[in-house]
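Q: pasting the sequence and the predicted coordinates here, then a few questions.
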Amino acid sequence: MIVEYEILHKPSYALGQIRLSIGEKIQAEAGAMVSMSDSIKMDTGVRGGLMGGLKRKVLGGESFFINTFTAENYGEVTIAPSLPGDIEAIEMEGGTLLVQSGSFLAATPSIEVDTQWGGGRTFFSGEGLFLLKCSGRGTLFVSSYGAVHLRELGYGEKYTVDTGHMVAFDESVSYSVGRAGGWKTTLMSGEGLVCKLEGPGKFYMQTRSEGAFLDWLLPKVPKS
C-alpha cells in the first residue's frame, strides 16, 4: 500500500501531509500527529500486543503506544517529529530497512515494524542503542534532527558515520560500532564512537546530532 503524501517545509521544519481515501490507514508513533480531518478516526493501541509494546518501549526506545488513523471519508493527517528537522518518505518494495531508535515516524499498515537487537555493536554507542527492523511493501516515514542526507554505497565500499548522525540503512549494509581512532583520538578529537558501514546498499544520515547539541547546550544553562 502506497499512500498519497507531500512533505512540506523541508528540511528544517518538515511536515508530512498524508491524504487518505475511504478505508485507507496509516500508523504513526504516539505524539507524531499534528492535525487531521474530521473524517479521520484515530485509534490508540499497543502494536503487537502487550509484549510487543513493551519490546518497542524498553528495547527500541519507541513509544509504548501507536496510533492508527483510518479514513471514514477522504481526508488528511499531518505528522511531524518532536525536534526541528526533516522527514523522508521511503517507498519499500519488499526489502528491509534498519531504522535507528527514535527516527521511526509513521508507516502504512503493510510495513512490519519489529525491534532488531544489535548486540555489542550498538550497546556501547550511547546513542540509538537499538534498531527497528522495517520490512514489507508500502510507505515508511522516518524523521531526523536536521536534514536527511542519502548516500549509496557500492559493493565492498566502506564509510564511517558518527553514531549520533545515523537514521537508517538497508539490511544489506554490514555495520559495526567502534572508536574513531585510538583512545587519545577518541578523547581529544571531540569525536565519540562511530558506525563503520560496508556496502552494498543505501543509508540515510542526519546533518545534526541531538547528543552534540545537548553537549553544547547544557554547560550554558544557568545553574540557578
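A: Great, that's in hand. Note that this is a predicted model, so its numbers are computed, not measured.
Q: show me where this structure has helices.
A: Counting by DSSP state H, the chain has helices at residues 49-58, 120-123, 183-188, 210-217.
Q: pLDDT averaged over the last one - what is it?
A: Here the mean pLDDT over helix 210-217 is 66, rounded to a whole number.
Q: give me the distance between the residue nearest to the spatial centre of the chain and Ile66.
A: By Cα atoms, centre = their mean, the chain has its centre lying nearest to Ser103, at 1.9 Å. Distance, Ser103 to Ile66, using Cβ to Cβ, to the nearest Å: 15 Å. No exception for glycine: its C-beta is placed from N, CA and C like everyone else's.
Q: give me every residue that touches the nearest residue to Arg19 once chain neighbours are set aside.
A: Counting by Cβ to Cβ, 6 or more residues apart in numbering, Glu4 is the residue found nearest to Arg19 once chain neighbours are left out, at 4.4 Å. If you count contacts by Cβ atoms under 8 Å, 6 or more residues apart in numbering, Glu4 has them with 18-21.
Q: what bridges to Ile90?
A: Leu140 (DSSP bridges).
Q: separation between it and Gly211?
A: 24 Å.
Q: neighbour count for the two, which is higher?
A: Taking other Cβ atoms under 10 Å, Ile90 and Gly211 do not tie; Ile90 has more neighbours (20 against 17).
Q: that one contacts Thr139, doesn't it?
A: Yes. The criterion here is Cβ atoms under 8 Å, and Ile90 meets it with Thr139 at 7.2 Å.
Q: Gly14 contacts Ala32, correct?
A: Not quite, residue 14 is Ala, not Gly. No. If you go by Cβ under 8 Å, Ala14 and Ala32 don't touch, sitting 11.9 Å apart.
Q: lowest-confidence helix or strand of this protein?
A: Least confident helix or strand, the chain: helix 120-123 with a mean of 43, by mean pLDDT, DSSP states H and E.
Q: so what's Arg19 up against?
A: 3-5, 74-76.
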